[in-house]
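1. Curious how this folds, go ahead:
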Amino acid sequence: MLRKLGRLFVIKTRLEAFLIIYALGLGATTRGAHYLDTFPGVGGWLLFAACTGSVFMAGAKILDCLRYEKAAREAVGATSPERPAREGAAEARR
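-> Here you go, the predicted structure:
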């Protein structure tokens, strides 16, 4: 049951990644707008830029990790035997 719950927090597709990056960007711009109200002038704009810049870096890392995980899965799939996984699980139950 915990394994199923844990799978909810795993980013599996690029669409999920883009949705998460969008949510991060929305939160960052809201936080940046708050900084502009709290710290008027150059300081507020620098904090705003730091908020949005961190989303760019996090988004790039998320997308790179998805690409790396896909390549790792393909590498493992290329070296594994041709037998399907379900067939092996059925034999293990007997």
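2. List the buried residues of the strand or helix carrying residue 37.
-> Using DSSP states H and E, residue 37 sits in helix 14-38. For helix 14-38, a neighbour-count test (16 or more other C-beta atoms under 10 Å) marks 17, 21, 24, 25, 28, 31, 32, 35 as buried. Backbone N, C-alpha and C define where each C-beta goes, glycine included.
3. how about those, which pair is most distant?
-> 17 and 35 (26.3 Å; C-beta to C-beta).
4. In contact with the most centrally placed residue in the chain, which residues are there?
-> Centroid check for the chain by C-alpha atoms, centre = their mean gives residue 62 as the closest residue, at 4.2 Å. Residues in contact with residue 62 (C-beta atoms under 8 Å, 6 or more residues apart in numbering) are 11, 17, 20, 21.
5. again, but for residue 10
-> For residue 10, the contact set (C-beta under 8 Å, 6+ apart) is empty.
6. so how far is residue 74 from it?
-> From residue 10 across to residue 74, the span is 18 Å (C-beta to C-beta, to the nearest Å).
7. What of residue 29?
-> 36 Å.
8. mind checking pLDDT for the residue nearest to residue 25 when sequence neighbours are not counted?
-> Leaving aside its sequence neighbours, residue 25 sits nearest to residue 55 (C-beta to C-beta, 6 or more residues apart in numbering; 4.8 Å). Residue 55 is assigned 95 on the pLDDT scale.
9. What helix or strand is residue 55 located in?
-> Using DSSP H and E, the secondary-structure element containing residue 55 is helix 42-79.
10. what's the angle between that helix and helix 14-38?
-> Here helix 42-79 runs at an angle of 170 degrees relative to helix 14-38 (axes from the mean of the first three to the mean of the last three C-alpha atoms, to 10 degrees).
11. for helix 42-79, which positions count as buried?
-> For helix 42-79, burial by neighbour count (16+ other C-beta under 10 Å) applies to 44, 47, 48, 51, 55, 59, 62, 66.
12. quick one: low-confidence parts of the chain?
-> The chain contains residues with pLDDT under 70 at 80-94.
13. got a list of what residue 77 touches?
-> Contacts of residue 77 (C-beta under 8 Å, 6+ apart): none.
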